[in-house]
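Novice: Prediction below, plus the sequence it came from.
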Amino acid sequence: MSNPEIKTRVLIVEDEKDIRRFVRMALEDAGYDIMEADNVRRALIEAASRQPDLVILDLGLPDSDGLNFLRDFRNWSAGPVVVLSARSMETDKVEALDAGADDYLVKPFGVNELLARVRAQLRRGVQPSTLIGNYLQFGEITLDLGRRVVERKGEPLHLTPIEYRILAFLAAQPDRVITYRQLLKCVWGLTHGEDIHYVRVHMANLRKKIEERPSQPRHLITEIGIGYRFVY
């Protein structure tokens, strides 16, 4: 039985005191237990010793780039990381997500959006209503991972092997931004790392089969210029 006194632990890695204080206050008000670091070296020590449930990471840190923390952290932890950065170029977002970030929020940001992103990432590890054994359920769709079968309202839904692999890969990582490159490497292999048009064509076909309104998808969400996010 879980202990109701144990709070979710969040590590804030941010060198600007005002922003760090603002984020800390917002998260503490929401009931989280907060730890802080203002550089990569301290962040790695805190992460290793206190094992946070989630990390909020700035990239422009004084002793090293936040991406170096991210790459090191990913060597031993799969915990969610939300990047909070002033870098707003798509190339910066893609680089961070390819390095292992789960989400990316650009400064300035709203506290409600930040809290929503945090909740979404923490939900990824708790999907009791949607994951039953080898089954994933969302909307009218059931995905049987063991039998590699997809059904709508109990009736078989024909997907091509590529469409099935895309859906299974995204659905297994809900609320996480998956870049085109990550999806290409998983579904098509290392030699197709830049063939983004492959993904777009198959995603369009997959949405026609999965979504009630393919032009307004509820589950297979586009992150413009970056990739996709699966939402239950």
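Specialist: That came through fine.
Novice: CA atoms for contacts and neighbours, from now on please.
Specialist: Noted.
Novice: ok, now which ones touch the residue nearest the centre of the chain?
Specialist: Centroid check for the chain by Cα atoms, centre = their mean gives Arg176 as the closest residue, at 2.0 Å. Counting by Cα atoms under 8 Å, 6 or more residues apart in numbering, Arg176 touches Asp102, Asp103, Gln121, Arg229, Phe230.
Novice: least confident pick among these?
Specialist: When the contacts of Arg176 are compared by pLDDT, Gln121 scores lowest at 90.
Novice: Helix or strand: which one has it?
Specialist: helix 111-123 (DSSP states H and E).
Novice: and after the least confident helix or strand in the chain by mean pLDDT, which helix or strand comes next?
Specialist: In the chain, no helix or strand scores lower on mean pLDDT, DSSP states H and E than strand 131-132, which sits at a mean of 50. As assigned by DSSP H and E, the chain's next helix or strand after strand 131-132 is strand 135-138.
Novice: Now stretch 81-91: average pLDDT?
Specialist: 94.
Novice: how far does it stretch from start to finish?
Specialist: Using Cα to Cα, to the nearest Å, one end of stretch 81-91 lies 18 Å from the other.
Novice: How far does the helix holding Gln121 sit from its chain's centre?
Specialist: 11 Å (Cα atoms, centre = their mean, to the nearest Å).
Novice: Identify all contacting residues around it.
Specialist: Val23, Ala26, Leu27, Asp53, Leu54, Pro80, Val82, Asp102, Asp103, Leu105, Asp175, Arg176.
Novice: from those residues, which is closest to Pro156?
Specialist: Nearest to Pro156 out of those is Asp175 (Cα to Cα; 25.9 Å).
Novice: any idea which element the closest one lies in?
Specialist: Assigned by DSSP H and E, Asp175 falls within no helix or strand.
Novice: any idea what sits nearest Arg71, other than its immediate chain neighbours?
Specialist: Ala99 (6.1 Å; Cα to Cα, 6 or more residues apart in numbering).
Novice: Quick check: that neighbour vs Val83, distance?
Specialist: Noted for Ala99: a distance of 11 Å to Val83, by Cα to Cα.
Novice: low pLDDT regions in the protein?
Specialist: Applying pLDDT under 70 to the chain flags residues 1-5, 125-133, 190-194.
Novice: what pairs with the residue of it positioned farthest from its centre across the strands?
Specialist: Note on the chain: the largest C-alpha distance from the chain mean falls to Glu155, namely 30.4 Å (Cα atoms, centre = their mean). On the basis of DSSP bridges, Glu155 is bridged to Arg152.
Novice: Look up how far Asp103 lies from it.
Specialist: 34 Å.
Novice: now do Gln137
Specialist: 23 Å.
Novice: Looking at these two, which one has more neighbours?
Specialist: The neighbour count for Gln137 versus Asp103, taken as other Cα atoms under 10 Å, is higher for Asp103 (23 against 18).
Novice: doesn't Gly79 make contact with the more buried one?
Specialist: No. Judged on Cα atoms under 8 Å, Asp103 makes no contact with Gly79 at a distance of 12.0 Å.
Novice: buried residues in the helix holding Gln121?
Specialist: Leu114, Arg117, Val118, Ala120, Gln121, Leu122 (16 or more other Cα atoms under 10 Å).
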